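Peer 1: sequence plus predicted model, see below.
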Amino acid sequence: MRGDYQQLVDEISAALGAPATLEDRDFGLIAFGAHESEDDEVMDPVRTRSILQRRSSAAVRAWFEAFGIARARTPLRIPPDPAAGVFKGRICLPVRHRGIVHGYVWLLDDGHLTDLALGGHGTPPDPRIAQAMETAARIGALLADEARAGSELGDLLRELLLAPADGRPAAAAALGEALRDTLRFTPGAPLTLIAVAPWDPTDTGAAPLPGLPGLLAACPLRATAGHRSATPLPTLAALVRLRSPGALTPAHTVAEQLLRSPRAGAAAAADRRGTKRTAPPPSRLPGTAGIGLGTQELTELPVTWREALDAARAARAEPRLGPITQWDAIGSYRMLTALPVTEPDPAIGPLLTPAHAELARTAEVFLDCAGQAGRAAQALGIHRQTLYYRLGRVEKLTGLDLADGEHRLLLHMALKAARL
């Protein structure tokens, strides 16, 4: 189906003699027309970035949306804005189907489209624009069909991930049949799941997901985030095809693109506004993605989903893991994420109050460094004597002896669990 989009975009480019780009409603790149001009200035940084990174930046999206493109039913002319990297004006063709906007066709105007009549307010459009809008409507119908198919696959994926153990074979069979019929999926092909948290599930008007290579199906779920309140966190489950069970590179690529989605950014902003945290300090990343291990059995996807969720939780808790991590890379969090959410050990509780955040961080870094004072002091950027002073305060506050291996283990695991 992606080839169909390219052909239709080429039709629009040829009809109007201008480079055209097709993006979905989340400004994810779908197809782009050839840039045949010898004038390098026809290309501006926004179009270049969109093609190379397959997505426009948040600032560019805000600039274009300010012109009402999401509500438009007729072509719009967008002026240049050099400050935003938009050096050339554009004509935006809204891509709609049955009243719902599914994307946008962008025509780069190097000056020869300036006098082109777009229509509206009782005036007819230039025949070339009318032809381009007819083609845009065909694109809208294709995107709507893809959205419906994606929604059905997402529903089947959700049923499998939430099914009880005795219901998984039937749910897996239904998903496998739909994948074969819709995407020509080969049974036994390696797969994995990505958990993106948080994710905004409320935007029902848009296509479920940007079209990303390897992405087969996706659905929003409410998964326990692991905070002390155990508040369900809106999370996206994304099913990705792999080249082999152990080669997770395609999943990392898809996860990176999903984290750039406005639905990941908006949800992360809302989560930051509504969540209270205690020491140790949290990750400042806008969102995280966890990747489960590869599998060739659809019935094993619920286990893979648990791994992906645990990896996403660990990444939210531990900034050093990065915004994207896989289950086999989260170390001790593989055990900690499997434990139920409980109150901290009574001995550790006083250390986790905001007033003692620096002491908690000192103790955690010291234990991360295997109790080597020199390494810990260097990592914290403090003098070794300052480190010893703080560790003495930790011992006095908790009643633990940091020379005792059992006490160290309790303190270390408690501090890691507090992050979750």
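Peer 2: Cool, the structure landed.
Peer 1: roughly how far apart are residue 398 and residue 147?
Peer 2: Residue 398 sits 54 Å away from residue 147 when distances are taken as C-beta to C-beta, to the nearest Å. Using the backbone N, CA and C atoms, a C-beta is placed for each residue, glycine as well.
Peer 1: for residue 311, that is, sorry about that
Peer 2: According to C-beta to C-beta, residue 311 stands 28 Å off from residue 147.
Peer 1: ok, now residue 33?
Peer 2: 23 Å.
Peer 1: strands of this protein, start to end?
Peer 2: Using DSSP state E, the strands assigned to the chain run over residues 20-24, 29-32, 76-78, 89-97, 100-109, 191-197, 215-224, 232-241, 288-291, 324-326.
Peer 1: the second one packs against which elements?
Peer 2: Under the contact criterion of 3 or more C-beta pairs under 8 Å, 6 or more residues apart in numbering; DSSP states H and E, the helices and strands touching strand 29-32 comprise helix 2-16, strand 20-24, helix 45-53.
Peer 1: how does it look with 6 Å?
Peer 2: Applying 3 or more C-beta pairs under 6 Å, 6 or more residues apart in numbering; DSSP states H and E, one finds that strand 29-32 contacts helix 2-16, strand 20-24.
Peer 1: what sits up against stretch 379-397?
Peer 2: For stretch 379-397, contacts defined as C-beta atoms under 6 Å, 6 or more residues apart in numbering pick out 350-351, 359, 362-363, 365, 373, 376-377, 402.
Peer 1: mind checking which of the residues you listed are buried?
Peer 2: 351, 359, 362-363, 365, 376-377, 402 (16 or more other C-beta atoms under 10 Å).
Peer 1: how much space separates residue 216 from residue 157?
Peer 2: Distance, residue 216 to residue 157, by C-beta to C-beta: 8 Å.
Peer 1: who has more neighbours, those two?
Peer 2: Counted by other C-beta atoms under 10 Å, residue 216 and residue 157 do not tie: residue 157 has more neighbours, with 26 against 22.
Peer 1: now do the shared contacts for residue 216 and residue 157.
Peer 2: Residues touching both residue 216 and residue 157 by C-beta under 6 Å, 6+ apart: residue 239.
Peer 1: residue 311 and residue 147: which is more packed in?
Peer 2: Shown here are residue 311 and residue 147; by other C-beta under 10 Å, residue 311 has more neighbours (29 against 20).
Peer 1: list the contacts of the more buried one.
Peer 2: Residue 311 touches 290, 325-327, 330, counting by C-beta under 6 Å, 6+ apart.
Peer 1: dump the strands of the chain into CSV; add distance to residue 388 as well.
Peer 2: Output for those, formatted as CSV (distance: least, C-beta to C-beta, whole Å):
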stretch, distance to residue 388
strand 20-24, 57
strand 29-32, 55
strand 76-78, 62
strand 89-97, 63
strand 100-109, 61
strand 191-197, 39
strand 215-224, 39
strand 232-241, 39
strand 288-291, 35
strand 324-326, 33
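Peer 1: let's have these in a markdown table, adding mean pLDDT and distance to residue 300.
Peer 2: Shown next, in a markdown table, are the strands of the chain (pLDDT from 0 to 100; distance: least, C-beta to C-beta, whole Å):
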| stretch | mean pLDDT | distance to residue 300 |
| --- | --- | --- |
| strand 20-24 | 90 | 31 |
| strand 29-32 | 85 | 32 |
| strand 76-78 | 91 | 48 |
| strand 89-97 | 92 | 37 |
| strand 100-109 | 90 | 34 |
| strand 191-197 | 96 | 9 |
| strand 215-224 | 84 | 15 |
| strand 232-241 | 90 | 12 |
| strand 288-291 | 96 | 15 |
| strand 324-326 | 96 | 16 |
